[in-house]
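[1] sequence unknown, structure follows:
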């Protein structure tokens, strides 16, 4: 297995090195200024979404704005619709291996659409009443998001419906706005993902160094897909401080070369009692080794600390997580700790007559399973590269990861994965 891994590591390193040489060819030409995606009442209404994962892009795809628009942004009704897809090649596995057996028997290379989605956003009756809908076009085609965003005042906002709980930045960052091909190994264990309920936002000290948001969520606690749940709802609380005085959007990399530094520090906590030990796009489910049971079998209590920074092409993002699980049927109390840290640097690159942002990034992530049915430690080191043809609306991403697993009593090992992806919205 190590010989196979070494060969793939060499191949991936060579490819990334070739990409990394591109910045050396760049001249002093700056990245052309881009036109704002919208400069009217519609965008003023969407000022409530700097906290969101779906911001209008400022760059255009081949000289054209993505999607189609119905209505006028100044009218009572406006809708913007577009499609997004991810075409990905991976070898020798795509999904992150989570135990020693996954490392020993990788499924092999894979090529195909990882994600395909239809997205709709706009406002109804008033620009202060926004909506967002996201529908998957692959698999069993689930409805991912359907929500209303109401802004009674500039510092008070309400989100109602099915949406990503604003618990941690990595999960709220759209899969199309990541710095690497996909999220880190920590996402599986700690995300609370999409939920159905309400989230209240309150801003304090707007525009000053003390600018901060308090977000409180109350959800049904069974994830995106309705299913069994306990008698208690899920509670979520997040405090987010924008210590540079301006909001840092939920989006990774700094391909726009921010002139002003942007930063964010956050603390969040969540609690729920029900039949699940984890949540994903599929809804509620079980972490490896945990069994299904009664509707109030498990109590989950978790918290996280996050940090993000962006300035002049340089970006940093980090999270630390703790999660406690109490099994009321067996009495077992488990604890998971983990997180990730990543950094990236972007440069303008000349390709023919055009100049595009190019970024290199490095990420380290880990998850430690303590007193769980399947005790183990996972680690990930990933080197990635992005070439932005139209911001996050059209980009090529390549990354190479070394993933290692130490499973006491079973075995320990590591393997290397290579992935190449085109993410496009149109």
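    Good, I have the coordinates. Please read all numbers here as calculations on a predicted model, not as lab measurements.

[2] Tell me the bridge partners for residue 280.
    residue 283 (DSSP bridges).

[3] now swap in residue 355 and tell me
    On the basis of DSSP bridges, residue 355 is bridged to residue 350.

[4] List the residues that contact the nearest residue to residue 328 once chain neighbours are set aside.
    Distances taken as C-beta to C-beta, 6 or more residues apart in numbering place residue 297 nearest to residue 328, at 5.7 Å, with adjacent residues excluded. In short, each C-beta sits where N, CA and C put it, glycine included. Residue 297 makes contact with 274-275, 327-329, according to C-beta atoms under 8 Å, 6 or more residues apart in numbering.

[5] where along the stretch 1-150 of the chain do the strands fall?
    68-71, 77-91, 110-124, 129-136, 143-153 (DSSP state E, counting those that start in this stretch).

[6] ok, the second one: who's next to it in the sheet?
    For strand 77-91, the paired strands and their directions (DSSP bridges) are strand 68-71 (antiparallel), strand 110-124 (antiparallel), strand 411-425 (antiparallel).

[7] Pick the most deeply packed of those.
    strand 411-425 (a mean of 19; mean count of other C-beta atoms under 10 Å).

[8] mind listing what's buried in the helix or strand where residue 270 lies?
    Under the criterion of DSSP states H and E, residue 270 resides in strand 262-274. Of all the residues in strand 262-274, those buried under the rule 16 or more other C-beta atoms under 10 Å are 262-266, 268, 270-274.

[9] And for stretch 289-308?
    Using 16+ other C-beta under 10 Å as the test for burial, stretch 289-308 gives 290, 296-300, 302-304, 306-308.

[10] Report the mean per-residue pLDDT for it.
    Average pLDDT, stretch 289-308: 95.

[11] On the three-state scheme, residue 251 is what?
    coil (DSSP: H, G, I helix; E, B strand; the rest coil).

[12] how far away is it from residue 409?
    From residue 251 over to residue 409 the distance is 42 Å, taken as C-beta to C-beta, to the nearest Å.

[13] Those two: which has the busier surroundings?
    Set residue 251 next to residue 409 and count neighbours by other C-beta atoms under 10 Å: residue 251 wins out with 27 against 7.

[14] Look up how far residue 353 lies from that one.
    Counting by C-beta to C-beta, the gap from residue 251 to residue 353 is 28 Å.

[15] related to what we said a few turns ago, now pLDDT too, for the buried residues of strand 262-274, in CSV please.
    As requested, those are exported to CSV (pLDDT from 0 to 100):
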residue, pLDDT
262, 96
263, 97
264, 97
265, 98
266, 98
268, 98
270, 98
271, 98
272, 97
273, 96
274, 95
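
[16] Just the closest of those to residue 316, please.
    residue 263 (9.0 Å; C-beta to C-beta).

[17] Would you agree that closest one is in contact with residue 240?
    No. Under the criterion of C-beta atoms under 8 Å, residue 263 is not in contact with residue 240, lying 10.8 Å apart.
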